[in-house]
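A.B. asks: What would the 3D arrangement of this be:
(one chain, ligands or ions: 2)
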Amino acid sequence: MTAISNKIKSKVWENKQEYSLTTESLRMLLENQIPLIRLKEFATPQECESLVAQAQSFNFNSYQNVYPKIERIGITVFEYNQISKAAYFQAVERATQLRDSILAASFNPLERLMMKIRECTGATVRIASEPHYGSYYAGLIRKIEQGTQLHVDYAPFEQLGWEVCTITAQLSWNLYLKFSPNSHGKTRIYDRQWQPGDNQYKLDSYGYSDTVIADADMITFQPYVGDVFIFNTRNFHIVEPMDGQRVTFTSAIGLLPNGEIILWS
Ligand SMILES: O=C(O)CCC(=O)C(=O)O
Ligand SMILES: [Fe+2]
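C.D. replies: Ligands and ions are numbered 1, 2, ... in the order given. Have a look, this model is predicted:
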């Protein structure tokens, strides 16, 4: 990237503009030209409430080796990386059945989001799929209430040997389902993308030292129930702790070299 286009880019980050979902904004987010896309009123308060009510009759499990505690319904490639690919794909069917029964009794944000991305890009938008194993799981119902460490989510670095490792850009979408009235629990994204040399800043299974984001531009957003926020998770980011409940529906979104867009968790 040239010095001039870098300058234009950091202007956009400084202005902290919010973008709606369009072909152009999605392309710019994938290329890290803008920090954030917001889909206002993606779901109604009633839809969000009913999804949470359905989910609460099942067990949320804690992420393994992740501190502070993060709970979720659904499975992640990140955790099975330490176990095995085969075990992940064995767990997909059951996790998918549970997700589908919760969504059938409330509403389906995953289908809605995929449809919106399809409409605005014209691309093939599908759940990620692994040769010889089949479909991935996508769509966690997640509670992040004690915050996260500074981290990135970027499969080419984390998931060697999986289809999702071949993506060229990675985003995350979060639908905020429940958010206790609170001025905390915000999400902060830094204009600093993970690079191979950054392993020296790693603290544990996923957290990084603040040194890595020194001097980087950042944007902090306040989540609202019913809104979806999409951001580029190769950028270092962090969720502030809060008092009360903070429940989201979320998955990763990746761009493949052939232009297809894949989702997984
Ligand atoms: O819950 C959030 O606001 C963002 C969580 C996160 O780290 C992610 O979606 O990658
Ligand atoms: Fe993240």
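
A.B. asks: where exactly do the helices run in the stretch 151-265 of the chain?
C.D. replies: With helices called from DSSP state H, counting those that start in this stretch, the stretch 151-265 of the chain shows them at 155-158.

A.B. asks: Flag every residue of it that's near ligand 1.
C.D. replies: 153, 172, 174, 187, 233, 237, 239, 248, 250 (CB under 6 Å from any ligand atom). Every residue, glycine included, has its C-beta placed from N, CA and C.

A.B. asks: OK, contacts around the first one?
C.D. replies: The reference is to residue 153. Applying CB atoms under 8 Å, 6 or more residues apart in numbering, we find residue 153 in contact with 78, 170, 172, 233, 234, 252.

A.B. asks: can those residues go into JSON lines with extra columns for distance to residue 142 and neighbour count?
C.D. replies: Below are the contacts of residue 153 laid out as JSON lines (distance: CB to CB, whole Å; neighbours: other CB atoms under 10 Å):
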{"residue": "78", "distance to residue 142": "12", "neighbour count": "20"}
{"residue": "170", "distance to residue 142": "17", "neighbour count": "24"}
{"residue": "172", "distance to residue 142": "11", "neighbour count": "18"}
{"residue": "233", "distance to residue 142": "14", "neighbour count": "23"}
{"residue": "234", "distance to residue 142": "20", "neighbour count": "21"}
{"residue": "252", "distance to residue 142": "12", "neighbour count": "25"}
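
A.B. asks: Quick check: the farthest pair among the residues you listed?
C.D. replies: 78 and 234 (14.5 Å; CB to CB).

A.B. asks: in the chain, which helix has the most residues?
C.D. replies: helix 85-104 (DSSP state H).

A.B. asks: and that one, C-alpha only, in PDB?
C.D. replies: C-alpha atoms of helix 85-104 as PDB (Å, rounded to 0.1, in the frame of the first residue of the first chain):
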ATOM      1  CA  LYS A  85      -9.900 -32.200  13.100                       C
ATOM      2  CA  ALA A  86     -11.700 -35.600  13.100                       C
ATOM      3  CA  ALA A  87     -13.100 -34.900  16.600                       C
ATOM      4  CA  TYR A  88     -14.400 -31.500  15.500                       C
ATOM      5  CA  PHE A  89     -16.200 -33.000  12.500                       C
ATOM      6  CA  GLN A  90     -17.700 -35.700  14.700                       C
ATOM      7  CA  ALA A  91     -19.100 -33.000  17.000                       C
ATOM      8  CA  VAL A  92     -20.600 -30.900  14.100                       C
ATOM      9  CA  GLU A  93     -23.800 -32.900  13.700                       C
ATOM     10  CA  ARG A  94     -24.900 -32.700  17.300                       C
ATOM     11  CA  ALA A  95     -24.000 -29.000  17.600                       C
ATOM     12  CA  THR A  96     -25.900 -28.200  14.400                       C
ATOM     13  CA  GLN A  97     -29.000 -30.100  15.600                       C
ATOM     14  CA  LEU A  98     -29.000 -28.100  18.900                       C
ATOM     15  CA  ARG A  99     -28.500 -24.800  17.100                       C
ATOM     16  CA  ASP A 100     -31.200 -25.600  14.600                       C
ATOM     17  CA  SER A 101     -33.700 -26.500  17.300                       C
ATOM     18  CA  ILE A 102     -33.000 -23.200  19.100                       C
ATOM     19  CA  LEU A 103     -33.300 -21.200  15.900                       C
ATOM     20  CA  ALA A 104     -36.500 -23.100  14.800                       C
END
